[in-house]
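# have a look; sequence and predicted model below, questions after that.
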Amino acid sequence: MLRALYALFGPRFPSTVVYMLQSTEYQVGPYLAWFWRTQNFANVMKRRTLDRTKAARLLRLALLAGMGLQIIGGLVLLVAGLNDSFGPNAYFGLALLISYPVVWAHLVVIPLELGRLFIIQPKVAQSVKRSEQLFREHPGTKIAVAGSYGKTSMKELLLTVLGEGLDVAATPANKNVASSHAVFASKLKGDEDVLIIEYGEAGPGDIMRFANTTHPTHGIITGLAPAHLDHYKTLEAAGKDIFSLAEYLHGENVYANGDSTPMLPFIQKAKGVRVYDSSGALGWRVKDMVLTPTSTSFTLSKGKQVLKLKSGLLGRHQVGPLSIATALAIELGLTPKQVEAGVAKTVPFEHRMQPYQLGGAWIIDDTYNGNLEGVRAGTELLASLEAKRKFYVTPGLVDQGEEKERVHIEVGELIAAAKPDVVVLMKNSVTAFIEQGLIKGGYNGEIQIEDEPLDFYKNLEHFVAAGDVVLMQNDWTDNYA
């Protein structure tokens with residue numbers, strides 16, 4: 001009780017509020033929903049800490065100043081009221097002293113919303129309008145990358161391989177919304193050979209809006225999985241929106257991942273879409289695949305042409321993306337040697353099947369967001385690797401909407417099929433569903449439930465030994481229950 005009161009009225013509370021805003025990407029609705037369902041603010045920063053950006057520091061200072069002034073005002077009124085035989089001023093003073101955390105946790109959103117409404121949105125609208133002309137007039141090949149997952153990895157893969165022989169520019173990191181596209185367009189030279197543009201999908205209509213602005217000549221659809229279902233409601237709705245990219249391109253130069261089972265009905269309906277998967281792409285066939293904790297190797301052949309490829313990307317699910325990147329590179333004029341050199345330079349993007357060693361154990365960090373197909377790919381990789389002991393670590397998946405229970409039972413079954421020696425679950429609202437899936441899948445290994453995820457990750461070296469393989473999948477930020 002004392003800890004909870006200190007967290008609410010103590011000096012750390014402004015940092016907690018800014019952390020909550022930051023974790024919800026400064027979206028007022030999700031922030032306020034999280035604020036009002038929080039019973040103990042001492043438990044808020046359990047999985048990570050505040051990123052002290054310039055904006056975060058300014059907000060924290062504003063909160064400290066506002067709360068400080070309210071406390072001073074409350075004390076002045078309380079003292080005045082006590083000198084007046086506990087008159088009305090005392091009650092007002094007490095009200096100010098008791099309410100300041102809640103008052104300022106709400107007042108802080110007012111400048112954010114006013115700034116968004118009157119400054120940010122008009123500027124974004126203008127910059128997007130300007131970017132549409134820049135994209136439309138750009139003479140280069142423009143490749144749009146869309147899908148529920150794997151977009152950033154595909155974009156970085158294309159950038160690395162195509163960049164071995166062409167002048168290529170790509171949207172940075174996971175910046176994949178209209179405002180990010182506009183910033184990207186403003187920095188182009190105008191004579192690049194290839195542009196690679198990642199499309200996010202926060203809600204219905206986004207993909208077609210992005211296409212109408214960026215004018216792609218090619219499209220790659222990386223996969224479909226339950227994700228963002230709080231916005232799309234159903235997997236079918238998400239699929240229709242993502243495949244509107246194929247509609248925009250009239251089925252020309254559109255490539256879709258055939259390893260993503262939920263996409264198959266959309267691929268069959270879409271006109272002209274060409275499939276890539278772990279067996280190859282565009283007539284190139286895969287042979288001699290070898291998977292290790294640090295690399296993926298295979299050969300691609302088409303007629304008399306043979307390419308020997310080795311990538312730092314991990315897992316069978318990367319063979320399809322590597323194949324389509326290779327095939328497109330050849331079509332765009334790269335030589336076999338350039339393609340092989342480009343593939344050799346490909347490495348995992350941060351927190352996406354990213355391997356590193358810890359105390360002689362291999363840790364595979366796949367903690368960026370997450371989806372069911374990613375779990376499927378990760379558990380297949382874990383099952384295929386040789387190890388003294390195998391660990392699977394996950395908090396579960398966010399944004400699963402009404403599919404939450406079904407999806408997490410399937411997650412448990414997939415983990416069980418991989419037969420890790422130890423399963424570590426971060427306790428939250430879906431843990432019980434994963435456990436049901438483990439039981440349903442006949443898992444008989446060790447299950448650990450962690451109440452303090454941050455402590456577990458910080459002390460990972462104490463849990464592993466030389467020869468172990470640990471797969472850490474998915475992220476669960478504090479704004480999810």
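Noted; the coordinates are in hand.
# all helices for the stretch 251-400 of the chain, in order.
Secondary structure of the stretch 251-400 of the chain (DSSP state H, counting those that start in this stretch): helices located at 264-269, 319-331, 336-344, 372-384.
# which one is R274 nearest to, not counting chain neighbours?
Leaving aside its sequence neighbours, R274 sits nearest to Y255 (C-beta to C-beta, 6 or more residues apart in numbering; 5.2 Å). Every C-beta, even on glycine, is put in place using the N, C-alpha and C of the backbone.
# quick one: closest of the helices of the stretch 251-400 of the chain to A202.
Nearest to A202, of all these, is helix 372-384, at 18.7 Å by C-beta to C-beta.
# flag every buried residue along that closest one.
372-382 (16 or more other C-beta atoms under 10 Å).
# I'd like the residues you listed as CSV, with pLDDT appended.
Listed next are the buried residues of helix 372-384 as CSV, based on pLDDT from 0 to 100:
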residue, pLDDT
L372, 88
E373, 87
G374, 89
V375, 93
R376, 92
A377, 91
G378, 94
T379, 96
E380, 94
L381, 94
L382, 95
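# and the pLDDT at the residue nearest to R274?
Note on Y255: pLDDT of 98.
# isn't it up against Y276?
Yes - contact status for Y255 versus Y276: in contact at 5.5 Å, counting by C-beta atoms under 8 Å.
# anything in contact with each of the two?
282, 324 (C-beta atoms under 8 Å, 6 or more residues apart in numbering).
# which secondary structure element of this protein has the lowest mean pLDDT?
Ranked by mean pLDDT, DSSP states H and E, the helix or strand of the chain with the weakest confidence is helix 229-232, at a mean of 62.
# next, the buried residues of the helix or strand following it.
Downstream of helix 229-232, the next assigned helix or strand under DSSP states H and E is helix 235-242. Going by neighbour count (16+ other C-beta under 10 Å), the buried part of helix 235-242 is 235, 238-242.
# dump those residues to TSV, plus pLDDT and distance to E386.
Listed next are the buried residues of helix 235-242 as TSV, based on pLDDT from 0 to 100; distance: C-beta to C-beta, whole Å:
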residue	pLDDT	distance to E386
L235	82	35
A238	87	37
G239	90	37
K240	92	42
D241	92	41
I242	94	37
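# could I get these as JSON lines with distance to L460?
Below are those laid out as JSON lines (distance: C-beta to C-beta, whole Å):
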{"residue": "L235", "distance to L460": "34"}
{"residue": "A238", "distance to L460": "34"}
{"residue": "G239", "distance to L460": "37"}
{"residue": "K240", "distance to L460": "41"}
{"residue": "D241", "distance to L460": "38"}
{"residue": "I242", "distance to L460": "35"}
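# circling back: more neighbours: which of Y255 and Y276?
Y276 (27 against 23; other C-beta atoms under 10 Å).
# and the gap between the closest residue to that one other than its chain neighbours and P265?
Among residues not flanking Y276 along the chain, I324 sits closest, at 3.9 Å (C-beta to C-beta, 6+ apart). The gap separating I324 from P265 is 20 Å, by C-beta to C-beta, to the nearest Å.
# these two: which has the busier surroundings?
I324 (25 against 13).
# picking up where we left off before, could I get the helices of the stretch 251-400 of the chain as TSV with distance to F118?
Putting the helices of the stretch 251-400 of the chain into TSV (distance: least, C-beta to C-beta, whole Å) gives the following:
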stretch	distance to F118
helix 264-269	40
helix 319-331	42
helix 336-344	46
helix 372-384	39
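# which of those sits closest to V286?
Taking the helices of the stretch 251-400 of the chain one by one with C-beta to C-beta, helix 319-331 is closest: 5.8 Å.
# so what's the residue nearest to A256 when sequence neighbours are not counted up against?
Distances taken as C-beta to C-beta, 6+ apart put I221 closest to A256, at 4.3 Å, once the chain neighbours are dropped. Shown in contact with I221 (C-beta under 8 Å, 6+ apart): 146-147, 242-243, 245-246, 254-257, 263, 273.
# what pLDDT does the model give D451?
On pLDDT, D451 comes in at 87.
# contact partners for the closest residue to it other than its chain neighbours?
The shortest distance from D451 to any non-neighbouring residue, by C-beta to C-beta, 6+ apart, is to K427 (5.3 Å). Contact analysis of K427 by C-beta under 8 Å, 6+ apart lists 449-451.
# which pLDDT value goes with K302?
Here the pLDDT value assigned to K302 is 96.
# apologies, that question was intended for P101.
93.
# which helix or strand contains it?
helix 88-107.
# I'd assumed L382 was in contact with A417.
No - the pair A417 / L382 is not scored as a contact, 10.0 Å apart, by C-beta under 8 Å.
# domains of this structure?
For the chain, automatic domain parsing gives the domain ranges 2-107, 138-344, 354-473.
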